[in-house]
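> pasting the sequence and the predicted coordinates here, then a few questions.
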Amino acid sequence: MADYLADVKKYDATADAAVVDKIVKHLGIALRNRDSSLVSCSDPSELERVREKWCKKKFGETDDAKCDSVIEKVCETMSGDNSKSRVTFYYLVAKHLGKLSALA
């Protein structure tokens, strides 16, 4: 858990440990495998998965363009990181959507 929180804090120094913990619990088994614990911004199916399962299903967002815009923004934010942690990526998507309070 501490590693996930430290990674999130590279992008949001005020990250709430409880929110990060909820994301970790939500992702569960996906975090056990290195490949599935990372997000690839160059893989369209990966980004579609984030949009459909996280942005739309988890937060009820109905605007695909808004979700895609937020996901693109997070990809740009994390562009310097070759191994984009799924926990950090999902946290930043939630933050840009203004949905962190839904996870608290």
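That came through fine.
> the helices in the protein, which residues?
Ranges of helices in the chain, per DSSP state H, are 2-9, 17-27, 44-49, 64-77, 86-97, 100-103.
> of all the ones you listed, which one is nearest residue 55?
helix 64-77 (3.9 Å; C-beta to C-beta). No exception for glycine: its C-beta is placed from N, CA and C like everyone else's.
> ranking the helices of the chain by burial, who's on top?
For the helices of the chain, average neighbour numbers computed from mean count of other C-beta atoms under 10 Å are highest in helix 86-97, which has a mean of 23.
> which strands and helices sit next to that helix?
The helices and strands touching helix 86-97, judged by 3 or more C-beta pairs under 8 Å, 6 or more residues apart in numbering; DSSP states H and E, are helix 2-9, helix 17-27, strand 38-39, helix 64-77, helix 100-103.
> what sits against the residue nearest to residue 96 when sequence neighbours are not counted?
Spatially, and ignoring its direct neighbours in sequence, residue 96 is nearest to residue 70 (4.4 Å; C-beta to C-beta, 6 or more residues apart in numbering). Applying C-beta atoms under 8 Å, 6 or more residues apart in numbering, we find residue 70 in contact with 55, 93, 96, 97.
> dump those into a markdown table; add distance to residue 28 as well.
Output for these, formatted as a markdown table (distance: C-beta to C-beta, whole Å):
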| residue | distance to residue 28 |
| --- | --- |
| 55 | 18 |
| 93 | 18 |
| 96 | 23 |
| 97 | 21 |
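> residues in contact with the closest residue to residue 54 other than its chain neighbours?
Nearest residue to residue 54 in three dimensions, chain neighbours excluded: residue 90, at 5.6 Å (C-beta to C-beta, 6+ apart). Counting by C-beta under 8 Å, 6+ apart, residue 90 touches 23, 26, 27, 50, 54.
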